[in-house]
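Trainee: Structure, please.
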Amino acid sequence: MNKADGMNYAPQVKTKGPVVQKGDFIFAASHLDHGHINGMVGGLLEAGGVCKYVYDPDPNKIAAFIKAFPDAKPVDDFQVILQDPEIKMVASAGVPNTRGATGIKVMEHGKDYFVDKTPFTAMSQLDAAKNAVEKTGKKYMVYFSERLHVESAVYAGQLVQDGAIGKVVQVLGLGPHRLNAPSRPDWFFNFEEYGGILCDIGSHQIEQFLFFSGAQDAEVLHSKIGNYNNPKYPELEDFGDATLLADNGATNYFRVDWLTPEALPTWGDGRTIILGTKGYIELRKYINVSDKENRGDYVFLCNQTDYTEIYVGGKVGCPFFGELILDSLNRTEIAMSQRHAFKAAELCIQAQEKAQRVC
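Mentor: Predicted coordinates:
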């Protein structure tokens, strides 16, 4: 795994081990346009799932996938997956503006859908998916990897839920990413296809705000976008930020960008600061520049009784995938509620639509 390559970065974090017997949860993978599919599939496999099929029209993508997951059987027609009654879920990472339509097909064929972020690039896609969920009763779940597949974020969630910092007042999120333009596909630079920086990687930040603050809804107060350093790609936005106010009074500011410097040995120095009434938490997710081993997953906690640095890499795990499998089998909402997934998607689209261009 190349930590400097954000396009193909797949977290290798243990889940919580299998939650089902082999064969109890069979799924498929499709539309392999983003490397996040490897993290999605890997997480489901570690939690006990079996990946029966893989589909993509590009044989090169199929070959790379099979190299990582040799037990999956390639199929030439997506209908093979849709028509197989054994398949309970389809994990997919297609071009962002096609993800909604793919998900509707999946749900209409009686299967749950697990899609890479951003789940939509337009409000019309979200509305269509909502209608399909209501009609079919199936799930449209989203891989918000920067919280779900990062042990420091998982641990921070536990601290917040345990009341370690009191009531959450504000969440600050910094989500820098490395551009590495030559490695990116054409769609990455086409606004209609990728949806804008706030809709794309901004979706991570908004989802985390809703989760850590416990909010059900929020208002986008202000947002900005710009292209500071990439005139060669006029439709690319390499900077974006936004300010939100939640229905419970918590506030949020986040910044995302494609300006990670070359010397940094990872694809982005992602950080989150959660302020509460009785303390605060800071996360250094992917790297702590003072750590000689270039490790991430550091949690800094300061409250009324503790002032401490905690390294949680390899110690916490990521329970989301097991919870998602059990949610699919039991029709529960432990891993993530459908309302939460759709609200995060709605707010990132609103932030993109309202954004002021600064350059």
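
Trainee: What ranges does the stretch 251-359 of the chain have for its strands?
Mentor: When assigned using DSSP state E, counting those that start in this stretch, the strands of the stretch 251-359 of the chain occupy the ranges 251-257, 271-276, 279-284, 298-303, 307-311, 356-357.

Trainee: Which among those strands is found nearest to residue 62?
Mentor: With distances scored as C-beta to C-beta, the stretch of the strands of the stretch 251-359 of the chain nearest to residue 62 is strand 251-257 (31.0 Å). Just so you know, the C-beta spots here come from the backbone N, C-alpha and C atoms, and that holds for glycine as well.

Trainee: What sits closest to residue 141 if chain neighbours are left out?
Mentor: Using C-beta to C-beta, 6 or more residues apart in numbering and skipping residues adjacent in sequence, the residue nearest residue 141 is residue 114, 4.9 Å away.

Trainee: where's the one you found, which helix or strand?
Mentor: Residue 114 belongs to strand 112-116 when assigned by DSSP states H and E.

Trainee: just how off-centre is that strand within its chain?
Mentor: Here strand 112-116 shows a centroid-to-chain-centroid distance of 11 Å under the convention C-alpha atoms, centre = their mean, to the nearest Å.

Trainee: Pull up the pairing partners for it, direction included.
Mentor: Note on strand 112-116: by DSSP bridges, its sheet partners are strand 87-93 (parallel), strand 140-143 (parallel).

Trainee: what bits of the stretch 1-150 of the chain have low per-residue confidence?
Mentor: Filtered on pLDDT under 70, the stretch 1-150 of the chain yields the residue ranges 1-15.

Trainee: go with 50
Mentor: Applying pLDDT under 50 to the stretch 1-150 of the chain picks out residues 1, 3-11.

Trainee: hey, where'd the helices end up in it?
Mentor: For the stretch 1-150 of the chain, the helices defined by DSSP state H, counting those that start in this stretch cover 36-46, 59-68, 78-83, 99-108, 123-136, 145-148.

Trainee: Pretty sure residue 31 sits against residue 94.
Mentor: Yes - between residue 31 and residue 94 there is a contact at 3.3 Å, judged by C-beta atoms under 8 Å.

Trainee: Overlap of the contact sets of those two?
Mentor: Common contacts of residue 31 and residue 94 (C-beta atoms under 8 Å, 6 or more residues apart in numbering): residue 102.

Trainee: When these two are compared, which one has more neighbours?
Mentor: With neighbours defined as other C-beta atoms under 10 Å, residue 31 and residue 94 compare such that residue 31 has more, 24 against 21.
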